[in-house]
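In: no sequence on this one, just coordinates:
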């Protein structure tokens, strides 16, 4: 199953709720302001790193680059382009958008 | 001569995700055009507005971050950044666009516009304004 998060983890608890509700093997895709959840060294980085033990975390490269944080992404988070977003949407049977 | 007032623009939203950052910038330029004493505060996700290296090519949005570098030419020389907000986000001063102005009272020497401030300093900063605009 695919989970998407599009809100900043510093202003909204969407990422936290998402990470609390993911199953083993799920995919989590960070998009729009959600990509700030991929920032290494932030207040939420440890929670994201802990989740990476059981889910694969992706971030949309266009949104990461737009926000100037491309060189600060946590190791192991996979950057995907728009085509990769489409692939994740079709490969997974369901999508939960944490709006 | 008309009265000059102290204006503080409080920027608390990340760029791109909402239109607040861009709209604030528009109003900042209007304030500067009317020769007001314009100051900017970046706190919470607002600190991301002046993050270095923004590249919107792939997302095809407008990258308005170069505009912050031009504000010094509009006599906007006081850009306050909340230290705590940077720390929470794993950022340092080096991750921000270097914002400067040329000081006409000091032989046009180039000086830093960014001033790191604490929450206590922000409280005092807000109190000393005539007008606070919230974004």
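Out: Cool, the structure landed. The shown structure was predicted, so the numbers you read here are calculated from the model rather than taken from an experiment.

In: what does chain A put close to chain B?
Out: Contact residues (C-beta under 8 Å from any C-beta of the partner chain) of chain A with chain B: A:6-8, A:10-11, A:32-33, A:36, A:39-43, A:45, A:61-63, A:65-72, A:81. Any C-beta I mention is one placed from the backbone N, CA and C, and that applies to glycine too.

In: among these, which are located in helices?
Out: Members of the residues of chain A next to chain B lying in helices (criterion: DSSP state H): A:45, A:61-63, A:65-66.

In: count of residues packed around residue A:21?
Out: Residue A:21 has 11 neighbours, counted by other C-beta atoms under 10 Å in any protein chain shown.

In: and the residue of chain B found nearest chain A, helix, strand or coil?
Out: Chain A sits closest to residue B:90 of chain B, with a gap of 2.8 Å, by C-beta to the nearest C-beta. Secondary structure state of residue B:90, per DSSP: H, G, I helix; E, B strand; the rest coil, is coil.

In: what's the pLDDT at the nearest residue to it once chain neighbours are set aside?
Out: Among residues not flanking residue B:90 along the chain, residue A:41 sits closest, at 2.8 Å (C-beta to C-beta, 6 or more residues apart in numbering or on different chains). We have a pLDDT of 96 for residue A:41.

In: hang on, residue A:41 packs against residue B:88?
Out: No - under the criterion of C-beta atoms under 8 Å, residue A:41 makes no contact with residue B:88, lying 10.0 Å away.

In: now do the same contact list for residue B:52.
Out: A:68, B:94-97 (C-beta atoms under 8 Å, 6 or more residues apart in numbering or on different chains).

In: buried ones only from these, please, as a PyMOL command.
Out: To isolate the buried ones among the contacts of residue B:52 in PyMOL, judged by 16 or more other C-beta atoms under 10 Å in any protein chain shown, type:
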select buried, (chain A and resi 68) or (chain B and resi 95+96+97)
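
In: now secondary structure, pLDDT and distance to residue B:18 too, for the contacts of residue B:52, in TSV please.
Out: Shown next, in TSV, are the contacts of residue B:52 (DSSP: H, G, I helix; E, B strand; the rest coil; pLDDT from 0 to 100; distance: C-beta to C-beta, whole Å):
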residue	secondary structure	pLDDT	distance to residue B:18
A:68	coil	97	17
B:94	helix	97	26
B:95	helix	98	21
B:96	strand	98	20
B:97	coil	98	20
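
In: quick check: ChimeraX command selecting the buried ones in the residues of chain A next to chain B.
Out: The buried subset of these, as determined by 16+ other C-beta under 10 Å, is captured in ChimeraX by this line:
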select /A:6,7,8,10,32,33,36,39,42,45,61,62,63,65,66,67,68,69,70,72
